[in-house]
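Peer 1: Here you go, sequence then predicted model.
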Amino acid sequence: MEPLRGLFFLHKIGRSLIRIMSGGNRMATVHLVQVETANQPPGQAPRRDGDPLAGIEELLPPNIKAAVESLPAGIRDNLEEIRLRRERPLQVRWSGGEGWVAASGGLAAGPDGAYKVTAADLGRTIEALTRSSLYALEEELRSGYITISGGHRVGLVGEAVVLQGEIRTLKNFAGLNLRLARDIPGCARSLIPYLLEGGRPLHTLILSPPRCGKTTLLRDLIRLLSTGVPELKFSGVNVGVVDERSEIAGCWLGVPQLEVGPRTDVLDRCPKAAGMLMLLRSMGPEVIATDEIGRPEELAALQDVLHAGVTMLASVHAGSLEELQHRPGWGPLLKQGFWQRLVLLGRTLGPGTIEGVFSGDHRTLKRGPWRGEARP
């Protein structure tokens, strides 16, 4: 057997040990070893509200952390992604654009002037990541990402280990993407009056191209429906959330890290079709919410929810009503008037721009563009 080379350490996660090797071309290979232990993982890590890098900066090597922290405040405070690719330039993306980070801090003129991420940088970040995450890491790696305290998501790429046609895990990591979860409480406040009628929520579908802030808007709608809006004489309802990719509530150890309201129950990492039916049968929700529906089994479960008298709040990737109407399975749902409100997002004023609100028969109720601002 080839001897282990490079950095080697063990990290206990519940009843398992994560064994990680890094160094050379065998960067950060992850093995899961079962062990017996009476100790359970520690509780929820604190989330530092107001700090845009809370939960992320602890993962970064000191040199990369310093470079990112030295970015202009307008960029640093609006960061969405930090991308580390082995032996390639350090990249960041924020709400208004993207760029390359210089070794001395600040933005470089281009990729050639940016700091080159080393194998050691990536290894240190993965080491910190495994110590921050208390999930069953091998299971998470099958999905290609890990959710950490604060609701942030870390996407990973490398060599897939495939067994009988199924991805079992990842190894030999080549890069990672730190995606920052953002709470903007109140960003949906200007929208909520159009989604209520007679004190009841209406079936609402959010249409949005990628990277237009639909999950952030959806999360705040869930919060408002759960908390209530006194000035609208709406006291709040029980909301069930199916969060298949841990993006809505950002659960860590099953506990939402992002604000989704006091009357909200979350099924984390559960397939949407099964989750909607589970909530319907067991939790008595008045609203069921989920993100990015579209598979045939999800549309079938969606109709079960709609016929059961429970209000549906969902989002879908689409740039227009016309585009969505031509997708398999969507035409009948739109024509039969299941949806009472349709909300179209875009980027006219930046992420989170509401381009228009429409009735179920596609009448314009409010023409955009406008953006909701954070407010209590």
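Peer 2: Sure, I can see it. Remember, it's a predicted structure, so these values are computed and weren't measured experimentally.

Peer 1: Let me see the ranges of the helices in the stretch 51-200 of the chain.
Peer 2: Using DSSP state H, counting those that start in this stretch, the helices of the stretch 51-200 of the chain run over residues 62-69, 73-76, 119-132, 137-143.

Peer 1: If you count neighbours, what's buried in the first one?
Peer 2: Judged by neighbour count using 16 or more other C-beta atoms under 10 Å, the buried positions of helix 62-69 are 64, 65, 67, 68. (Each C-beta comes from the backbone N, C-alpha and C, glycine too.)

Peer 1: in its sheet, what does the longest strand seen in the chain sit against?
Peer 2: Ranked by residue count, the top strand of the chain under DSSP state E comes out as strand 166-179. Paired strands of strand 166-179, with direction, are strand 79-85 (antiparallel), strand 153-163 (antiparallel) (DSSP bridges).

Peer 1: just how off-centre is the longest one within its chain?
Peer 2: When C-alpha coordinates are averaged (C-alpha atoms, centre = their mean, to the nearest Å), strand 153-163 and its chain have centres 18 Å apart.

Peer 1: In that strand, which residues are buried?
Peer 2: Going by neighbour count (16+ other C-beta under 10 Å), the buried part of strand 153-163 is 153, 154, 156, 158, 161.

Peer 1: got a list of contacts for it?
Peer 2: Contact with strand 153-163 is made by 27-28, 59, 129, 141, 144-148, 167-179, 181, 245-247, 250, as judged by C-beta atoms under 8 Å, 6 or more residues apart in numbering.

Peer 1: ok, of those residues, which come out buried?
Peer 2: Judged by 16+ other C-beta under 10 Å, buried ones among the contacts of strand 153-163: 27-28, 59, 129, 141, 145-148, 169-179, 181, 246-247, 250.

Peer 1: okay, how far is it across stretch 356-373, tip to tip?
Peer 2: 16 Å (C-alpha to C-alpha, to the nearest Å).

Peer 1: buried residues in that stretch?
Peer 2: 356, 357, 358, 360, 368, 370, 371, 372.

Peer 1: what's in contact with that stretch?
Peer 2: 184, 186-191, 194, 203, 217, 220, 321, 337-344, 346, 348-350, 352-355.

Peer 1: Among these, which are located in strands?
Peer 2: If you go by DSSP E, the contacts of stretch 356-373 have 341, 342, 343, 344, 346, 353, 354, 355 in strands.

Peer 1: how about these in CSV, adding neighbour count and pLDDT?
Peer 2: CSV is the format used below for the ones in strands among the contacts of stretch 356-373 (neighbours: other C-beta atoms under 10 Å; pLDDT from 0 to 100):
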residue, neighbour count, pLDDT
341, 21, 97
342, 23, 97
343, 27, 98
344, 23, 97
346, 21, 94
353, 19, 94
354, 28, 96
355, 20, 97
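
Peer 1: ok, so of those residues, who is nearest residue 235?
Peer 2: Closest approach between these and residue 235, by C-beta to C-beta: residue 341, at 20.1 Å.

Peer 1: so the closest residue to that closest one other than its chain neighbours bridges to which residues?
Peer 2: Closest residue to residue 341 apart from its sequence neighbours, by C-beta to C-beta, 6 or more residues apart in numbering: residue 204 at 4.3 Å. Beta-bridge partners recorded for residue 204 (DSSP bridges): residue 313, residue 341.
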